[in-house]
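> Sequence and predicted structure below; questions after.
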There are 4 protein chains.
Amino acid sequence: MVRVAVAGASGYAGAEVVRLLLAHPDVEVGALTAAASAGTALGEHAPHLTPLADRVLGPTTAQVLAGHDVVVLALPHGASGPLAAELGDEVLVVDAAADHRLGDAGEWEAFYGSPHAGTWPYALPELPLAGGGRQRDALVGARRLAVPGCYPTACTLALAPGMAAGLCAPQDVVVVAASGTSGAGRAAKVPMLGAEVMGSMTPYGVGGVHRHTPEVEQGLAAAAGQPVSVSFTPTLAPMPRGILATATARARPGTSADAVRAAWVDAYADEAFVHVLPEGRWPRTKDVAGSNAVHVQVALDERVGRVVAVAALDNLVKGTAGAAVQGMNLALGLPEGTGLTAVGLAP
Amino acid sequence: MVRVAVAGASGYAGAEVVRLLLAHPDVEVGALTAAASAGTALGEHAPHLTPLADRVLGPTTAQVLAGHDVVVLALPHGASGPLAAELGDEVLVVDAAADHRLGDAGEWEAFYGSPHAGTWPYALPELPLAGGGRQRDALVGARRLAVPGCYPTACTLALAPGMAAGLCAPQDVVVVAASGTSGAGRAAKVPMLGAEVMGSMTPYGVGGVHRHTPEVEQGLAAAAGQPVSVSFTPTLAPMPRGILATATARARPGTSADAVRAAWVDAYADEAFVHVLPEGRWPRTKDVAGSNAVHVQVALDERVGRVVAVAALDNLVKGTAGAAVQGMNLALGLPEGTGLTAVGLAP
Amino acid sequence: MVRVAVAGASGYAGAEVVRLLLAHPDVEVGALTAAASAGTALGEHAPHLTPLADRVLGPTTAQVLAGHDVVVLALPHGASGPLAAELGDEVLVVDAAADHRLGDAGEWEAFYGSPHAGTWPYALPELPLAGGGRQRDALVGARRLAVPGCYPTACTLALAPGMAAGLCAPQDVVVVAASGTSGAGRAAKVPMLGAEVMGSMTPYGVGGVHRHTPEVEQGLAAAAGQPVSVSFTPTLAPMPRGILATATARARPGTSADAVRAAWVDAYADEAFVHVLPEGRWPRTKDVAGSNAVHVQVALDERVGRVVAVAALDNLVKGTAGAAVQGMNLALGLPEGTGLTAVGLAP
Amino acid sequence: MVRVAVAGASGYAGAEVVRLLLAHPDVEVGALTAAASAGTALGEHAPHLTPLADRVLGPTTAQVLAGHDVVVLALPHGASGPLAAELGDEVLVVDAAADHRLGDAGEWEAFYGSPHAGTWPYALPELPLAGGGRQRDALVGARRLAVPGCYPTACTLALAPGMAAGLCAPQDVVVVAASGTSGAGRAAKVPMLGAEVMGSMTPYGVGGVHRHTPEVEQGLAAAAGQPVSVSFTPTLAPMPRGILATATARARPGTSADAVRAAWVDAYADEAFVHVLPEGRWPRTKDVAGSNAVHVQVALDERVGRVVAVAALDNLVKGTAGAAVQGMNLALGLPEGTGLTAVGLAP
């Protein structure tokens, strides 16, 4: 059995990691830690984790986290680097925060306003790379993993096949994505109250300022083999979970609808968690709720010369905790999908 | 491996059975059938069941259902009896419809307006019986199972401990329950449109006319050892899943709050799926979404002399498909919880 | 024109008062005040009040509120008494908080844990009184008004006709009510986050401890002419607004369904805002959203001898701000419905 | 008083017209008609219209609609033309369907697959025209009005200022819009059931095939003074009402953020219903619910050279029924905003 500790277990991302670990046949749940909630029972924060309701949260310190095979960090941005440094190379550290995702320190500093903590292998196994191969190869046997952001996972997987196949222009990609409100985390803020969000849609971080923007560009650039520019607009949708990303890119001249469809189908034909829907059916976030699946569909708008690709995923699973477990499996040499499901909870 | 067929797989109940069977380690999913949807792919109706998206639905006939170890019937009321008669006693038949739940043919005819099909063992294992013991005992080795209704499961488990312990009067029980809209099934009706139900609560079947009323009384009577009368009001809540049942009964004179709490805690101390929450915490339907768990809490209102018990469950899991699987496990001699989880999907 | 000030205009109740005043043909909106938000623009807190988006909130002091014809107090419980004392008897003070609702100082202290501020005329005009007449008579020309609580308005109007007509027993009333989450106010709390409340139902204040309990009993007692005891369980529903109250009372022996219906129809035949639905139709909270209407329906459950009455209203309108305006109209001698509508916003 | 008939009053659009007419001080509600629902009471379909609950719907015939000053047609596409022809020029006919919106018969036939019924003045008064002036001028005194589609209103008002000011390139506009589910109408369809749509986002009509696409292009072209090409992707959001349109266009070289903001503020400075929010605040659909207001915000993404404009409106009010009333007011010479409000229903 693999002993796994989770730091930040009282937040949405951390509790979701625990939820998945409880279903993982090779994992023993080890220490669960929190900051302000240390000393309280997990059931006060995550009563849905019925079997661990009485588990008391420890403080988030290297001492408490030591002695595990794997430590998953579900902490606010900026906290992962120092903690990871204390944990030793024999421990697999999976960082669900943004700290180690970006390869470009300047981008990090521009968007996050703090020193760059470094770059770890990017845990998006299904990403097709420009030169052939998949990002998966970089994860096998790794001791440090950067879990991708929820929006970047959706946007990248939506459009990467067209970039990798050279069917889409790398400039002037436009993405509008809708996220469930758990994406904003578990901090109590007036704009996130149920009375504010139910029945309402609103954008935020408009105009290229959302921190996931450079990560979307980085992911698509890995597929395209050249820089990609993205206009990214996130919106908040009245649902607890889920991301629907609508990503459009200019089609290269002469691209046919058949070629587009073939590129997408081929790109994910061997992937267990990324599912290109039959023609005519479009992804719904509900269909992937609670699962590690990504539902993808694509169309060519010949009138305007744009490819429109749509991906739906659960921001807390494939967008966070599922990616952490999937990456952990790869790093440890376990079957990649262990403890994960491609079956969503609908209706 | 146990081969299981599901009749009515394109409806909410049937698709939920399939969802659970996909996670059951000892089950092979056999024939999936439908009525009007026969000949179409499961993915058109239940795209969340990603691994079986291309499975074609067969017609609901005894021929198609023959040759399985288990047949789960998720059909409209009235269809189960004739079909079960054709299936033979060597097949375990699990009826998710109401046909075989009631022991009193007169009640059946009064509430359902058709001849009574018979009475099968009632698949509510955790129900404490008046003379001691549990309903579980009636399920081991059974070849026919009646899956309880979603409301009756919630109402019965909420209040049964007080009935079994003699702390609650059997007359004048009052239950008001809220259900997610999947409880109304998958038929297209204007009052069930999203635009109608979102942001709205409404009662229905008020005044003792809802068909689950005699079943609630039957379940509580089994715990009380005497007839129970219930005022039952169901309401429709703006959520896809979940039932929250608030059940109140007059406390016997001299009943203390401690005695009430002890009765509830004791009743479910050994149950894996029924969880009495710590004092001060109340059930939320979200915490049991997608799981077979029931969260229960109770209080004594000394001002008015009533016990108030609340249960939350997922109407499609513990309220239907989970109960079917749990009963199947018991009937087949498998560990009762195989393929089921007590961990909900929250937030 | 009547000049009206609103204290607490950045909260849900206060902003709703402003919303209604903007549609009131005889009102000029005067000072709008807040506590922590003083000095900020109303549009930061209530962007839906487009025409007053730039209005700057003043501090909640007697000086700022002075010089108006009417002052509506939408403040936390406990703040109204001292402030009202400073305002002078020439000003109509409408208190939307609980401070002045209860006639029994002992009940106040038991449920609120602070000294009783006094009792003002209870602004529920439609309440039928035991001796004949309506509560309306107490409001004409008043200089101080206590706005009823949202739950008490729904519960009282649901069941008062049966109490006033002597068809219902005053003991052992059982009420279960569902409220939209705006009822919890605008304070940022984790359990009220959208991700927590969407898709979920949960009870709270169970066992007779909710502060609205004695107010419900007081309202029904006024109709019954004798003390009434109520088991009251509030629940939180995944919707921003609305209350659905299901109130049951034992029917007096010999009561017929026709007599029940006649009592309800007669009680509200002349009321513009309380509407008894045609037989067979049940209230939906959506149908009264944004309006001052209350939709009511009733049935006699002859099997168990209980009357089941259901009322739906908008907790922020008829449950708070609409009642404030309706009471203000009565106190000032304006037509009672001025500036109010019985038309809801659906779907 | 102006006597107004509404054809199709049992649908969402028609009932919303009736809702607004009930608040219009110069209007008397005349005949209300329906197709299959003729002969039933309005309250069965629209119980929120409390004061007209008992009104019986007539059949949709020219005879029933004759004798009114105004007839609003809220019928399925294709039905308006023949009916309008029977009504005579002395009647103001306001068509809420698509039939008379498009100026290009070829576009109509390509997207709607039927003969073009003709082109009526397009009732979007606030639209700035390329040569100066507003679309308003075409509506004064008109006897026939085409109510714009809900998506086109949002998309056009979002981006028109940049087109009219020459700051945005007319090619390669990309719009992704989210709509509440009432936009799909009141027909009972499985994909629109509450259980399907709650908690879920999904796109539809992807790839340039949605019928509103040419209307969006037509509206923006009127502002730009040249053809505009738009990639338009509509999505369905889990809310009953509201549209949030995120519209991006390439900025002309040298365009500054200040110039962008100034163009938007100037374009709508004199408009009562279109409100450019203060910098840093973004539209929420909730803030305009039930109102005729449009909330707009814009940013320049200098990294990628795109203007991102966002508009929120209520699809049933400014997107349909409010536009009908606003146009009616202009045509009749009434003050444009009579009976309409810019105040939304939030929370």
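Right, received. Where do you want to start?

> Look at residue A:308 and give its secondary structure.
Classification of residue A:308 using DSSP: H, G, I helix; E, B strand; the rest coil returns strand.

> how far away is it from residue A:141?
Distance of residue A:308 to residue A:141, given as Cβ to Cβ, to the nearest Å: 38 Å. Where you see a C-beta, it was placed from the backbone N, CA and C, and this is true even at glycine.

> which residues of chain A fall in strands?
Along chain A, the stretches classed as strands by DSSP state E are A:2-7, A:27-34, A:58-59, A:70-73, A:92-95, A:144-146, A:173-179, A:202-203, A:230-236, A:243-250, A:274-276, A:294-301, A:306-313.

> Looking at the ones you listed, spot the one closest to chain C.
With Cβ to the nearest Cβ, the closest approach to chain C among these belongs to strand A:230-236: 8.7 Å.

> What average pLDDT does that closest one get?
Averaged over strand A:230-236, pLDDT sits at 98.

> Does it reach chain B?
No - Strand A:230-236 does not reach chain B (Cβ under 8 Å from any Cβ of the partner chain); its nearest approach is 14.3 Å.

> Identify the bridge partners of the residue lying closest to residue A:64 once chain neighbours are set aside.
Computed as Cβ to Cβ, 6 or more residues apart in numbering or on different chains, the closest residue to residue A:64 that is not its neighbour in sequence is residue A:58, at 4.4 Å. In this entry, residue A:58 is beta-bridged to residue A:33, by DSSP bridges.

> where does residue A:58 land on pLDDT?
Here, the pLDDT recorded for residue A:58 equals 98.

> okay but it is in contact with residue A:30, surely?
No - look at residue A:58 against residue A:30 with Cβ atoms under 8 Å: they stay out of range, at 10.1 Å.

> intersection of neighbour lists for these two?
Common neighbours of residue A:58 and residue A:30, using Cβ atoms under 8 Å, 6 or more residues apart in numbering or on different chains, do not exist here.

> ok, back up a step: and residue A:308 and residue A:141? which has more neighbours close in?
Set side by side, residue A:308 and residue A:141 show more neighbours around residue A:308, with 28 against 11, by other Cβ atoms under 10 Å in any protein chain shown.

> Against residue D:303, how distant is that one?
Per Cβ to Cβ, residue A:308 is found 22 Å from residue D:303.

> Could you do residue A:292 as well?
Residue A:292 sits 32 Å away from residue D:303, going by Cβ to Cβ.

> neighbour count winner among these two?
The neighbour count for residue A:292 versus residue D:303, taken as other Cβ under 10 Å, is higher for residue A:292 (26 against 17).

> what sits against the more buried one?
Counting by Cβ under 8 Å, 6+ apart, residue A:292 touches A:273, A:314, A:317-318, A:322-323, A:325-326, A:337, A:340-342.

> same thing but at 7 Å, please
Contacts for residue A:292 (Cβ atoms under 7 Å, 6 or more residues apart in numbering or on different chains) come out as A:273, A:317-318, A:322, A:326, A:340-342.

> closest to chain C among those residues?
residue A:317 (14.4 Å).

> who's in contact with that closest one?
A:16, A:290-292.

> Equivalent analysis for residue A:298, please.
Counting by Cβ under 7 Å, 6+ apart, residue A:298 has contacts A:260-261, A:264, A:307-309.

> Residue A:147 now?
Contacts of residue A:147 (Cβ under 7 Å, 6+ apart): A:94-96, A:123, A:320, A:323-324, A:327.

> Near chain B, which residues of the stretch 101-250 of chain A? Just list them.
Within the stretch 101-250 of chain A, the positions adjacent to chain B are A:182, A:199, A:240 by Cβ under 7 Å from any Cβ of the partner chain.

> show me where chain A has helices.
Using DSSP state H, the helices of chain A run over A:12-22, A:42-45, A:62-65, A:80-85, A:105-112, A:150-164, A:194-197, A:213-224, A:257-268, A:322-332.

> deepest of those helices, which one?
Of the helices of chain A, the one with the most neighbours on average (mean count of other Cβ atoms under 10 Å in any protein chain shown) is helix A:150-164, at a mean of 30.

> if you look at that one, does any of it touch chain C?
No - Helix A:150-164 stays clear of chain C (Cβ under 7 Å from any Cβ), getting no nearer than 13.4 Å.

> And that helix, what does it pack against?
Contacts defined by 3 or more Cβ pairs under 7 Å, 6 or more residues apart in numbering or on different chains; DSSP states H and E place helix A:150-164 against strand A:173-179, helix A:213-224, strand A:243-250, helix A:257-268, strand A:294-301, strand A:306-313.

> Compare those and give me the one nearest residue B:255.
When the helices and strands packed on helix A:150-164 are compared by Cβ to Cβ, strand A:173-179 sits nearest residue B:255, at 49.1 Å.

> Quickly run through the sheet partners of that closest one, with directions.
strand A:230-236 (parallel), strand A:243-250 (antiparallel).

> Need the winner for burial among the ones you listed.
Ranked by mean neighbour count under mean count of other Cβ under 10 Å, the strands paired with strand A:173-179 are led by strand A:243-250, which reaches a mean of 29.

> follow-up on the earlier one: and which of the residues of the stretch 101-250 of chain A next to chain B is nearest to chain D?
Once Cβ to the nearest Cβ is applied, the member of those that ends up nearest chain D is residue A:199, at 4.6 Å.

> Please name the residues that touch the closest residue to the closest one other than its chain neighbours.
Distance criterion Cβ to Cβ, 6+ apart; nearest residue to residue A:199, sequence neighbours excluded, is residue D:239 at 4.6 Å. Listed by Cβ under 7 Å, 6+ apart, the contact set of residue D:239 reads A:199-201, A:238, B:198, D:180, D:285.

> Out of those, which comes closest to chain C?
residue A:199 (6.0 Å).

> Quick check, pLDDT for the closest one.
On the pLDDT scale, residue A:199 gets 96.

> Likewise for residue A:131?
pLDDT for residue A:131: 88.

> Could you find the closest non-adjacent residue to it?
Of all residues not flanking residue A:131 in the chain, residue A:225 sits nearest, at 6.9 Å (Cβ to Cβ, 6+ apart).

> So what's the residue count around residue A:6?
There are 33 residues near residue A:6, going by other Cβ under 10 Å.

> any idea how far it is from chain B?
Distance of residue A:6 to chain B, computed by Cβ to the nearest Cβ, to the nearest Å: 15 Å.
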